[in-house]
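Asker: Sharing a model prediction with you, sequence too.
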Amino acid sequence: MEALDDNTRALAAVAYGEGSVNDVFEEMAGIANVLVRQQKARGYKTVSGFIAANKTYAFAAHDGNQRYGRLMKAKLARINADAGMKAAVKAALNALSDKGKDYANGGYFWDGADVKSNYAKHPKVVKGIHFTDESHNIYQIANKDVPGEEFYRDKDNKLTKTSRGKWDYVYESTAAWGGTIFWKYNDNFLKATGNKPHN
């Protein structure tokens with residue numbers, strides 16, 4: 001690696017900071033994939049601009065994360081000599097490439113160990129989660145159905161009795177690497193609510 005632009009560095013630093021300390025390339029690559037997907041869906045010109053403006057999707061960039069800070073300040077020689085940071089840059093470059101592999105498998109969100117430690121109150125669990133593949137269930141937590149239904153509104157924006165659709169859970173897994181589970185919205189939820197896949 002001979003050069004590192006600000007956009008790639010910012011993306012790599014968040015992937016490095018948000019990923020587990022085991023420096024799993026696929027995990028950091030999946031996080032980078034989600035960030036680029038969110039950046040494009042929300043209309044930001046650069047991923048660094050998206051990261052700066054959206055604290056919800058990049059806690060590591062805003063909460064004093066040491067790993068994030070380490071990569072943001074590191075010179076190229078140090079990055080090249082550190083397997084974890086080098087893998088994070090590779091993950092960022094993969095996500096920014098039009099020909100890169102999507103390690104998040106279409107996911108728009110991710111979670112770490114708190115999905116288990118805070119299971120009962122976790123924002124996603126409260127809305128319903130489903131593992132589409134048992135290999136994604138790295139924390140051995142239970143699927144949780146939280147059925148919902150949306151109704152059409154009339155010209156005065158009042159709810160009618162005509163159903164737009166029902167869903168059993170809001171989030172479903174798309175992949176899991178290292179200590180991170182990746183998610184997207186359930187199609188039934190999207191169809192019934194008209195919600196955007198990235199919101």
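Answerer: That came in fine, so what should we check first?
Asker: and the helix or strand of the chain with the lowest mean pLDDT, what other elements does it pack with?
Answerer: Within the chain, no helix or strand scores below helix 47-53, which has a mean of 89 by mean pLDDT, DSSP states H and E. Secondary structure elements in contact with helix 47-53, counted by 3 or more C-beta pairs under 8 Å, 6 or more residues apart in numbering; DSSP states H and E, are helix 6-18, helix 25-41. Heads up, the C-betas are built off the backbone N, CA and C, glycines and all.
Asker: Can you list the neighbours in contact with the first one?
Answerer: Outside helix 6-18, the residues within contact range by C-beta atoms under 8 Å, 6 or more residues apart in numbering are 4, 23, 28-29, 31-32, 35-36, 46-48, 51-52, 58-61, 65-72, 84-85, 88-89, 91-93, 95-96, 110, 112, 180.
Asker: what does stretch 68-75 give?
Answerer: 9-10, 12-14, 16-17, 60-61, 79, 82, 85, 88.
Asker: that older thread, what residues of the least confident helix or strand of the chain count as buried?
Answerer: Using 16 or more other C-beta atoms under 10 Å as the test for burial, helix 47-53 gives 47-48, 50-51.
Asker: farthest-separated two in those residues?
Answerer: 48 and 50 (7.3 Å; C-beta to C-beta).
Asker: thinking again about what came up before, toward the C-terminus, what is the element adjacent to the least confident helix or strand of the chain?
Answerer: Where DSSP states H and E defines the elements, the next helix or strand beyond helix 47-53 is helix 66-73.
Asker: and that next one, how far out from the chain's middle?
Answerer: 20 Å (C-alpha atoms, centre = their mean, to the nearest Å).
Asker: relative to helix 6-18, how tilted is that helix?
Answerer: 160 degrees (axes from the mean of the first three to the mean of the last three C-alpha atoms, to 10 degrees).
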